[in-house]
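Novice: can you look at this prediction? I've put the sequence above it.
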Amino acid sequence: MNYETIIGLEIHAELSTKTKAFCSCKNEFGGEVNTNCCPVCMGYPGALPVLNKKVVEYAVKAGLALNCQISLYSKTDRKNYFYPDLPKAYQISQYDKPLCKNGRIKIELDGQEKNIGITRIHIEEDAGKLIHGTESEDYSLVDFNRGGVPLIEIVSEPDIRSPLEARLYLEKLKGILEYLEISDCKMQEGSLRCDANISIRSVGQKEFGVKTEIKNMNSMKALQKALEYEEERHKKILSEGGAIVQETRRWDESKGITVSMRTKEQAHDYRYFPEPDLVPIILEEAWIEDIRKALPELPDDKKKRFVEEYGIPDYDASVLTLTKELSSFFEACAKGHKNPKAISNWVMGEVLRIIKEKELDLKDLKIKPEALRKLVDLVDDGILSSTGAKQVFEEMFKTGKDPETLVDQLGLRQISDEGAIVELVKKVLSENEKSVEDYKKGKTNALGYLVGQCMKASKGKGNPQIINKILRDMLE
Amino acid sequence: MKALDLYSLTLHEIRDKIRSGEICSKEVLDSVYNRIENLDDKIGAYLTLAKDKAYEAAESVDKRIAEGEKLGDLAGIPMAIKDNISTNGIRTTCASKMLENYVPPFDAHVCEKLKAAGAILIGKTNLDEFAMGSSTENSALKTTRNPWDLERVPGGSSGGSAAAVAADEAFFSLGSDTGGSIRQPASLCGVVGFKPTYGAVSRYGLVAYGSSFDQIGPFTKDVEDCAIVLNHLYGHDERDSTSLAVEHGDFTEALNKDIKGMKIGLPKEYFEEGIDPDVKKIVLDGVKILEGLGAHVEEISLPYSKYALPVYYIAASAEASSNLARFDGVRYGYRAKEYDSLEEMYINSRSEGFGDEVKLRIMLGTYTLSSGYYDAYYNKALKVRRLIKQEFEKAFEKYDIIISPTSPTTAFKIGERTDDQLAMYMSDICTVPVNIAGIPAISLPCGFSKGLPVGMQIMSKALGEASIIKAAHAFERNTDFSKKKPTL
Amino acid sequence: MIEKNELQYVASLARLKLREEDEEKVREKFSMVLDYVGMLNELDIEDVEPLISINEVSNVMREDEIRESMSRETLLANAPDKMYGCIKVSKIIE
């Protein structure tokens, strides 16, 4: 049986405002426990929320960047449930009137563009953090520093058809939020969180299959792996004639499996109702337009511009514009440079490889754009061979030194002086008369041998192109 | 007058004596605390006294006066505050086992304002647990008795605040009014009680019951005192998003005004079945007095008012179910001693910490918000709320004020209605529509039935407080009901 | 009359437990109130907009400016159980 996979994602992004959503406490990651708190965010009796204007502004920014309709009328609602990290025992969120709806994100898959719909974006507050003791300890501790930190929840349509697409969607979304500078988007720190709904159905079937919800994916890779696992699990159950149980499952990163979250929790009944302590949000078109005008250049536009301005292929431009950091790095290298394609190759190849290998942030890389430009120049000018350049790159990564200095330090400067090479070639030709004859008889592969001999004689430092050219000239 | 008898004066009389230097704040405080010591065992108005802090504050006021500083109306005046209004460093129990030992780390907005004006907090008063009730019998901590008849209830939920003023145990007090919790006990105790326009007084620091209905307001011995206290309670507060950003005038300017030509509506629905005939007659007699002073009186009809009580019990309970969810034994308040898991800790703490009426309303509210019932109850209530509000708005296009009884009966006996849920709820039938519409209203003593006080309710459009004060003061100047005191 | 299991469900949502001896009384009271509020069904209100904000105010927001938080000691003074500057609760198994 052929199956089709249906995935929808719910993304929570913490907004990087200075203060919390409903009180003026500092919005800060990693502060000393319970020090960024007040009666409002600790849910004291009698304390009341007041909405942070920046939260609305940031959410509208996200909505515009994700091609959403911005609701001129929206309101906040209470979502009621008990949990020790939720101080008021309700979360201020938005239920039937979210700030933004009906948006979309474009992803690229095998050179094909595909739109993933966005159902809605709404604002809400984060909960505090639970600190669990070791296994022998019979308690948990609660820190409310994160309580009340503003979040946007971005809900996708069930338009995603594979775990890879899910990952591409999340990468694209993360990139856009970073471009907008409204969220740190750090999955490890939890400022970007992703839950996934997945189901499968036979190809051609109209109605959706039973879905499971997957939580606890702390990286892009984890998202894809968890969904791949879950997709296979569904297929196996269905092909064996079983039935999927609708449930929430947790991704266990170390074991590489999803596990049912068999909490005894009662059925969810959040009893949403309009938050009586806050008033509706009514936006003016002009204000929305001002925000729209102030939006930065977003990945799709930047990609188009990179193709036009730097003449690099579509694929390169997509990769280079995925994150704001990477696109800025590339542009700093390529701006005004005569060989942007070579720059693109370096950035997409060696630069990305090394930061991934060493798990670094681009901003922590010791190789600065100016140095990378020089490295490309050295190759273009024949001073450095491409293999030599890789050696220099490694050293630049380690030491942050200037490539020109490194070329000499490592003794990698190529001999490109034609006079010196003519002498060298003469010597080689005189020592290899048999090969010269072979060449003249038409055995063209003798040329390769002679080039090799010349390179050997130059101790590997001769510029192979120039050797080749001079050798041909002299053999004619 | 002996210094120890000062307690019987009104706020403005005491103010004048303090201003003239005839007496000092400390003497006033001595008098009131002495009164409380002698009497409160019988009345049971207070849950907590704040003697040390009160004397400290009085001393500081006296010092400032001695230094020649000109202080406002409230400087050195002892006041009582309902125990669901947060007071920094003084326990705020909501008359619940849940919060019996809870000490707020901050002051409610109104406390800040009154303190800044020099008023002196003498203690916190009893109430129906979490302000849910109409007799103060739902207090988990104490029974409060009506100063006019100790066998009877003071009304509720702000029964302690009403009784304290009626028994001269405070010059004024604060209550909160969600469905009548200021006006109904004011009526039953024979004092003036005022419920402001929704949003006129900040709710910051008031432990929420029904957030979209709750308002803080004063109990006073007469209308002039009421106007003075309102001046200090009103005003915008940026910490309460529903606080109105409007300037309020000086309410004392509405005193001593002629009411000739004032248009009064008498809604017939508020004088029909369920209203004690004696109460009806006394209120109508009161209206005649206003008519005699030149006001035009007409009967009107407010047919949607009869739906106010159902709207209230749906919407206020729903909000309460959510507002009171925070009492979970985690951060403050009562935590059960015995439990085996987090879930059990929640359930045991809440079941042991809350009283029966509170639990009933929480469950009612939980039910009406739960999946599948929202449209049938809560949403419907919000729709009818609009109709009721619109009906009042329309009436106020034609009438300056609307008058009705405050409570359908005079004070009832302790225990009389505790088992009759609906009879208890009906106590609020005349007051609840005002909260539904968000408008202001006063309850004013207007006579006695079998020795028990009867209150007249005067309502106006939103922010029409001055019309209410004007009419109420005209009535008071021409009668002496406010001056009558219970024999204690 | 509300069903017994329905009342128990509502109680559990609200994290309340009914004493067995009270259950009948609560059911009666509960049902009485529900019957009473059912009065609203007399009205034809299909086209009426629910009233969300009583004074029909909108857009009350504050600037994104940090103000000093309250001291932890003060905020935790009312806590029934605490440890290492945190609120302590029973172990939560996730």
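Specialist: That came through fine. Numbers count the residues shown, from 1 in each chain, chains lettered A, B, ... in the order given.

Novice: quick check, A:I470 in a helix?
Specialist: Yes - checked against DSSP: H, G, I helix; E, B strand; the rest coil, A:I470 lies within a helix.

Novice: how about it, what does it touch?
Specialist: By CB atoms under 8 Å, 6 or more residues apart in numbering or on different chains, A:I470 lies in contact with A:E418, A:I421, A:V422, A:V425. The C-beta positions use only the backbone N, C-alpha and C, and glycine is treated the same way.

Novice: going through those, which ones are buried?
Specialist: Among these, those classed as buried by 16 or more other CB atoms under 10 Å in any protein chain shown are A:I421, A:V425.

Novice: ok, which of the contacts of A:I470 also contact chain B?
Specialist: Applying CB under 8 Å from any CB of the partner chain, the subset of the contacts of A:I470 adjacent to chain B is empty.

Novice: in helices only, show me the contacts of A:I470.
Specialist: Members of those lying in helices (criterion: DSSP state H): A:E418, A:I421, A:V422, A:V425.

Novice: and of the residues you listed, the nearest to B:D73?
Specialist: A:E418 (103.0 Å; CB to CB).

Novice: for stretch B:419-434, give the mean pLDDT please.
Specialist: Mean per-residue pLDDT for stretch B:419-434: 90.

Novice: all strands of chain B, in order?
Specialist: B:46-49, B:78-82, B:120-125, B:172-177, B:192-195, B:215-220, B:263-267, B:296-300, B:401-405, B:441-449, B:452-459 (DSSP state E).

Novice: and the second one, what does it pack against?
Specialist: Based on contacts counted as 3 or more CB pairs under 8 Å, 6 or more residues apart in numbering or on different chains; DSSP states H and E, the elements that strand B:78-82 packs against are helix B:25-43, strand B:120-125, helix B:159-166, strand B:172-177.

Novice: distance to chain A, mean pLDDT and mean neighbour count added to these, as CSV?
Specialist: Putting those into CSV (distance: least, CB to the nearest CB, whole Å; pLDDT from 0 to 100; neighbours: other CB atoms under 10 Å in any protein chain shown) gives the following:
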stretch, distance to chain A, mean pLDDT, mean neighbour count
helix B:25-43, 26, 97, 19
strand B:120-125, 14, 98, 28
helix B:159-166, 17, 98, 36
strand B:172-177, 11, 98, 29
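
Novice: closest to B:S371 out of these?
Specialist: Closest to B:S371 of those, according to CB to CB: strand B:172-177, at 31.4 Å.

Novice: for the closest one, which strands pair with it and how are they oriented?
Specialist: strand B:78-82 (parallel), strand B:215-220 (antiparallel) (DSSP bridges).

Novice: need the winner for burial among the strands of chain B.
Specialist: strand B:192-195 (a mean of 32; mean count of other CB atoms under 10 Å in any protein chain shown).

Novice: could you dump that one to PDB, C-alpha only?
Specialist: Provided in PDB are the C-alpha atoms of strand B:192-195 (Å, rounded to 0.1, in the frame of the first residue of the first chain):
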ATOM      1  CA  VAL B 192     -24.800  55.100  52.800                       C
ATOM      2  CA  GLY B 193     -23.100  52.700  50.300                       C
ATOM      3  CA  PHE B 194     -21.900  53.600  46.900                       C
ATOM      4  CA  LYS B 195     -21.000  51.400  43.900                       C
END
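
Novice: is any residue of it near chain C?
Specialist: No - shown here: strand B:192-195 not in contact with chain C (CB under 8 Å from any CB), separated by at least 13.5 Å.

Novice: in its sheet, what does that strand sit against?
Specialist: Strand B:192-195 sits in its sheet next to strand B:215-220 (antiparallel), strand B:441-449 (antiparallel), going by DSSP bridges.

Novice: I'd like the average pLDDT over it.
Specialist: Taken as a whole, strand B:192-195 has a mean pLDDT of 98.

Novice: what's in contact with that strand?
Specialist: Identification of contacts with strand B:192-195 by CB under 8 Å, 6+ apart yields B:158, B:162, B:175, B:177, B:180, B:182-183, B:185-187, B:215, B:217-223, B:225-226, B:230, B:431, B:434-435, B:440-445, B:455, B:468, B:472, B:482.

Novice: the same query, at a cut-off of 7 Å, please.
Specialist: For strand B:192-195, the external contacting residues (CB atoms under 7 Å, 6 or more residues apart in numbering or on different chains) are B:162, B:175, B:177, B:182-183, B:185-186, B:215, B:217-220, B:222-223, B:226, B:230, B:434, B:440-444, B:482.

Novice: ok, B:G274 - how many residues close by?
Specialist: 12 (other CB atoms under 10 Å in any protein chain shown).

Novice: for the residue nearest to it when sequence neighbours are not counted, give me its contacts.
Specialist: Closest residue to B:G274 apart from its sequence neighbours, by CB to CB, 6 or more residues apart in numbering or on different chains: B:P408 at 5.2 Å. B:P408 is in contact with B:G274, B:I275, B:D276, B:V279, B:M426, B:I429, B:C430, counting by CB under 7 Å, 6+ apart.

Novice: before we move on, what about B:E112?
Specialist: Contact partners of B:E112, counting by CB under 7 Å, 6+ apart, are absent.

Novice: check A:V425 too.
Specialist: Neighbour list for A:V425: A:C454, A:I467, A:I470, A:L471, A:M474 [criterion: CB under 7 Å, 6+ apart].

Novice: mind redoing it with 10 Å?
Specialist: Listed by CB atoms under 10 Å, 6 or more residues apart in numbering or on different chains, the contact set of A:V425 reads A:450-451, A:453-454, A:457-458, A:462, A:466-467, A:470-471, A:473-475.

Novice: what does B:V283 give?
Specialist: The contact partners of B:V283, by CB under 10 Å, 6+ apart, come to B:266, B:270-271, B:275, B:403-406, B:430, B:446-447, B:454-457.

Novice: now it: how far from A:L164?
Specialist: According to CB to CB, to the nearest Å, B:V283 and A:L164 sit 77 Å apart.

Novice: check B:L29 too.
Specialist: 77 Å.

Novice: pLDDT score assigned to residue 46?
Specialist: Looking at chain A here, since you left the chain open. 98.

Novice: that answer is for a different chain, and I need it for chain C
Specialist: What the model reports for C:E46 is a pLDDT of 93.

Novice: so it makes contact with B:D375?
Specialist: No - assessed by CB atoms under 10 Å, C:E46 is found out of contact with B:D375, at 11.3 Å.

Novice: joint contacts of the two?
Specialist: Common contacts of C:E46 and B:D375 (CB under 10 Å, 6+ apart): B:K383.

Novice: centroid-nearest residue for chain C?
Specialist: Nearest residue to the geometric centre of chain C (CA atoms, centre = their mean): C:A14, 7.1 Å.

Novice: ok, that one - contacts?
Specialist: C:A14 makes contact with A:80, A:82, A:89, A:271, B:321-322, B:324-325, B:346-347, B:350-351, B:354, B:359, B:362-367, B:370, according to CB under 10 Å, 6+ apart.
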